[in-house]
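>>> Any chance you could fold what I've pasted below:
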Amino acid sequence: MQIKADGQTYAPRGMVSPVCEPGTFKIGVIGLDHGHIYGMCNGLVEAGAEIACVYDNERMKMDAFCKVFPDAKKAESEHEILENPDIALVASAILPDRRTELGIRVMKAGKDYFCDKPPCITKQDVSQARRAVEETQKKFAVYYSERLHVEASVCAEKLIKDGAIGRVIHVAGWGPHRISIPQRPSWFFDKARYGGILVDIGCHQIEQLLFFCGASDAVISSSRAGNYKYKQYPRFEDFGDAALLMNNGTTGYFSVNWFTPDGLGAWGDGRTFIQGTEGYIELRKYIDVAADPEGDHVILVNNKGEQHIHAAGTCGFPFFGRLIKDCLERTSTAYDQELTFRAIELAIEAETQATAVQ
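The predicted structure follows:
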């Protein structure tokens with residue numbers, strides 16, 4: 001069982017399934033400000049990548065990283081990684097307000113980029129990232145982990161593709177998180193650094209709404225955000241929600257918050273509900289409350305009956321292998337670049353126009 005009481009340190013592990021020969025895909029890591037970097041690197045290593053080097057301006061963070069990934073060499077500077085011709089991709093969980101500018105430097109240095117969410121926190125960031133991708137023809141991939149690094153979601157993708165619930169017409173996401181205040185750095189509570197709740201954890205939800213609905217764009221019908229409880233942090237938001245209308249006529253809604261109670265055995269009871277014309281799917285991603293401490297539960301109901309599918313250990317995480325092959329072969333199978341950008345752009349729009357609640 002993986003320790004998953006705190007979402008910041010939760011790093012999923014999956015099946016080892018290399019897609020390349022040892023040593024043929026080397027990555028560098030720059031920026032260890034969020035623990036998601038461990039999950040990102042787990043996925044890449046399991047798919048055959050080699051972590052060649054790591055850099056962070058805090059030595060203690062590099063020391064901790066190298067205990068988990070002992071083959072990584074500690075670099076003396078960011079430039080040491082960017083100028084290394086053997087590095088094909090740079091992975092980063094640097095501060096959210098620095099992810100775009102780092103990505104642009106990475107791509108201009110001739111390398112692909114894979115960063116934690118949110119990849120951008122302003123519309124200007126998104127425009128600059130789009131332009132850099134167009135100019136360099138490099139990849140700007142994003143760790144939308146609540147879909148990409150959850151086997152229940154991978155299972156749902158296949159069920160939808162196989163027509164198990166007909167046409168998807170509505171998707172609803174619920175994304176509660178445990179706040180774990182003692183473990184949070186000061187920037188976590190500063191909206192100017194993390195972008196606001198609809199940007200920070202809302203972008204996860206918007207990406208999966210677009211993906212499961214089979215849409216390429218959407219408009220924000222309504223959005224709300226506010227700080228109900230943590231008044232000691234006036235630049236923090238602990239609740240947000242939004243409704244979306246997709247460009248193919250489907251609809252979506254999501255709610256995110258920082259109110260996971262300490263009594264829950266996971267950092268958040270993340271769920272996704274997918275309504276189709278011939279049935280529906282519920283994903284219980286990280287826990288089945290009061291029934292099973294393990295996650296990856298898929299509930300399928302259609303005209304054939306009811307099914308409870310335990311997806312853990314059955315699907316793996318194909319995103320990482322696809323990403324490596326895309327980087328090596330210059331294909332686009334792991335993710336859609338424009339959808340990746342549009343998801344965060346919509347999250348920024350939702351945040352910008354949100355009605356304040358308190």
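>>> Spatially, what comes nearest to residue 279 if we skip its sequence neighbours?
residue 302 (2.9 Å; CB to CB, 6 or more residues apart in numbering). Quick note: C-beta positions are derived from backbone N, CA and C, even for glycine.
>>> er, residue 74 actually
Nearest one to residue 74, counting by CB to CB, 6+ apart, is residue 62 at 5.0 Å.
>>> How is residue 155 assigned, secondary-structure-wise?
Look at residue 155: counting by DSSP: H, G, I helix; E, B strand; the rest coil, its state is helix.
>>> who's in contact with it?
By CB atoms under 8 Å, 6 or more residues apart in numbering, the contact set of residue 155 is 296, 298, 309, 311, 314-315.
>>> at 6 Å what do you get?
298, 311, 315 (CB atoms under 6 Å, 6 or more residues apart in numbering).
>>> and if you look at residue 219?
Contact analysis of residue 219 by CB under 6 Å, 6+ apart lists residue 245.
>>> for the host helix or strand of residue 126, packing partners?
Remark: residue 126 resides in helix 123-136, with elements defined by DSSP states H and E. With contacts taken as 3 or more CB pairs under 6 Å, 6 or more residues apart in numbering; DSSP states H and E, helix 123-136 sits against helix 99-108, helix 337-352.
>>> Direction included, what does the helix or strand just after that helix pair against?
Next helix or strand after helix 123-136 toward the C-terminus (DSSP H and E): strand 140-143. Strand 140-143 sits in its sheet next to strand 112-116 (parallel), going by DSSP bridges.
>>> Output the below-cut-off pLDDT ranges for the protein.
Within the chain, the ranges that satisfy pLDDT under 70 run 1-9.
>>> what's the residue closest to the geometric middle of it?
Taking CA atoms, centre = their mean, the centroid of the chain lies closest to residue 144, which sits 1.9 Å from it.
>>> Can you get me a residue count around the nearest residue in space to that one that is not next to it in sequence?
Spatial nearest neighbour of residue 144, excluding adjacent residues (CB to CB, 6+ apart): residue 207 at 4.4 Å. Counted with other CB atoms under 10 Å, the neighbours of residue 207 add up to 25.
>>> Show me the helices in this structure, by range?
Remark: helices assigned in the chain by DSSP state H are 36-46, 59-68, 78-82, 99-108, 123-136, 145-148, 151-161, 191-194, 197-200, 202-213, 318-329, 337-352.
>>> okay, those helices in a markdown table with distance to residue 264 next?
Shown next, in a markdown table, are those (distance: least, CB to CB, whole Å):
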| stretch | distance to residue 264 |
| --- | --- |
| helix 36-46 | 20 |
| helix 59-68 | 26 |
| helix 78-82 | 38 |
| helix 99-108 | 29 |
| helix 123-136 | 34 |
| helix 145-148 | 17 |
| helix 151-161 | 17 |
| helix 191-194 | 23 |
| helix 197-200 | 19 |
| helix 202-213 | 19 |
| helix 318-329 | 27 |
| helix 337-352 | 25 |
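>>> how does this structure divide into domains?
According to automatic domain parsing, the chain comprises the domains 26-144+318-335, 147-317+347-357.
>>> Out of those domains, flag the one nearest residue 14.
domain 147-317+347-357 (4.8 Å; CB to CB).
>>> picking up where we left off before, hang on, the residue nearest to residue 279 packs against residue 281?
No: at 8.9 Å, residue 302 does not count as touching residue 281 under the criterion of CB atoms under 6 Å.
>>> Between the two, which is the more surrounded one?
Neighbours per residue (other CB under 10 Å) separate residue 302 from residue 281, with residue 281 holding more: 26 against 17.
>>> partner residues bridging the more buried one?
When bridges are called by DSSP bridges, residue 281 pairs up with residue 274, residue 300.
>>> How about the contacts made by it?
Here residue 281 is in contact with 156, 165, 274, 300 (CB under 6 Å, 6+ apart).
>>> got it, and residue 193?
Going by CB under 6 Å, 6+ apart, residue 193 touches 97, 187.
>>> swap in residue 196?
Contacts of residue 196 by CB under 6 Å, 6+ apart are 237, 351.
>>> How much space separates it from residue 350?
Remark: distance between residue 196 and residue 350 (CB to CB, to the nearest Å) = 9 Å.
>>> hmm, back to that, identify the contacts common to residue 302 and residue 281.
Shared contacts of residue 302 and residue 281, counting by CB under 6 Å, 6+ apart, come down to residue 165.
>>> Residue 246 bridge partners, please.
According to DSSP bridges, beta-bridge pairing links residue 246 with residue 218.
>>> go on, residue 355?
Beta-bridge partners, per DSSP bridges, of residue 355: residue 224.
>>> count of neighbours near it?
Other residues near residue 355 number 9, with proximity taken as other CB under 10 Å.
>>> just checking, it touches residue 224?
Yes: between residue 355 and residue 224 there is a contact under CB under 6 Å: 4.8 Å.
>>> number of nearby residues for the nearest residue to residue 298 once chain neighbours are set aside?
Nearest non-adjacent residue to residue 298, counting by CB to CB, 6+ apart: residue 309, 4.1 Å away. By the criterion of other CB under 10 Å, residue 309 has 17 neighbours.
>>> wait, what's in contact with the residue nearest to the centre of the chain?
Residue 144 neighbours (CB under 6 Å, 6+ apart): 117, 204, 207.
>>> State the distance from it to residue 279.
For residue 144, the distance to residue 279 - CB to CB - is 25 Å.
>>> do the same with residue 159
In terms of CB to CB, residue 159 sits 9 Å off from residue 279.
>>> Next up, the contacts around the residue lying closest to residue 234 once chain neighbours are set aside.
Nearest residue to residue 234, sequence neighbours excluded (CB to CB, 6+ apart): residue 227, at 7.4 Å. Neighbouring residues of residue 227 by CB under 6 Å, 6+ apart: 236-238.
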